[in-house]
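>>> Structural data only, the sequence is not supplied:
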């Protein structure tokens, strides 16, 4: 089994018939096709969709949960890591990931993206590909990259992908699969 794990961030709100859910499910299936393990926050929406696809594909699916959110983790995770604080959860999600795929989400997803980006920006994390999927984050990524250029910092740390297929192709290239 692969030792590479892709952490996927995104909203808990998408339902199984939504475009984002279907895209994340396909992402999970394709990650499994290339024997890439998956890590998510362990609950519903994007987390469930990618977990379901990866689980059906037979790879390890880690859910990093936090009891304060209430509810049970989704049934597709194979390993659960329980955390006691939001900070611990975000740190664990990031430390497990060898790459990051970010779907649309709210402030929690924004925090996760920003934290990953800051670790790369400050040189505290290296060689971990990051991509946003689906157009939701495009304006934000371009805005921050312009600021990074103004500050004479590295740009292009976050790759914009239109869909899960482009994200998979990006990860295949980054990991020489």
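Structure's in. What do you need? What you see is a predicted model; the values in this text were computed from it and never measured. Residues are numbered from 1 along each chain as shown.
>>> who touches stretch 81-93?
Under the contact criterion C-beta atoms under 8 Å, 6 or more residues apart in numbering, stretch 81-93 has outside partners 7, 9, 39-41, 62-68, 111-112, 115. No exception for glycine: its C-beta is placed from N, CA and C like everyone else's.
>>> which of those count as buried?
With neighbours counted by 16 or more other C-beta atoms under 10 Å, those contain buried members at 7, 9, 39, 40, 41, 62, 63, 64, 65, 66, 112, 115.
>>> How confident is the prediction for the fourth one, by pLDDT?
So the one you mean is residue 40. As predicted, residue 40 sits at a pLDDT of 98.
>>> Give me the secondary structure label for the closest residue to it other than its chain neighbours.
Nearest residue to residue 40, sequence neighbours excluded (C-beta to C-beta, 6 or more residues apart in numbering): residue 47, at 3.9 Å. With DSSP: H, G, I helix; E, B strand; the rest coil as the basis, residue 47 sits in helix.
>>> Helices of this protein, residue ranges please.
Taking DSSP state H as the test, the helices found in the chain are 19-33, 46-56, 86-96, 107-121, 138-150, 164-174.
>>> quick one, which of those helices is nearest to residue 131?
helix 164-174 (5.0 Å; C-beta to C-beta).
>>> And that closest one, what does it pack against?
On a contact count with 3 or more C-beta pairs under 8 Å, 6 or more residues apart in numbering; DSSP states H and E, helix 164-174 meets helix 19-33, strand 99-102, strand 130-133, strand 159-161.
>>> Just want the angle from it to helix 19-33.
Interaxial angle, helix 164-174 versus helix 19-33 (axes from the mean of the first three to the mean of the last three C-alpha atoms, to 10 degrees): 30 degrees.
>>> Sort out which residues of helix 164-174 are buried, please.
Buried-residue list, helix 164-174, by 16+ other C-beta under 10 Å: 164, 167, 168, 170, 171, 174.
>>> Can I get the residues you listed in JSON lines including distance to residue 154 and pLDDT?
Output for the buried residues of helix 164-174, formatted as JSON lines (distance: C-beta to C-beta, whole Å; pLDDT from 0 to 100):
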{"residue": "164", "distance to residue 154": "26", "pLDDT": "97"}
{"residue": "167", "distance to residue 154": "21", "pLDDT": "98"}
{"residue": "168", "distance to residue 154": "24", "pLDDT": "97"}
{"residue": "170", "distance to residue 154": "18", "pLDDT": "98"}
{"residue": "171", "distance to residue 154": "20", "pLDDT": "97"}
{"residue": "174", "distance to residue 154": "16", "pLDDT": "96"}
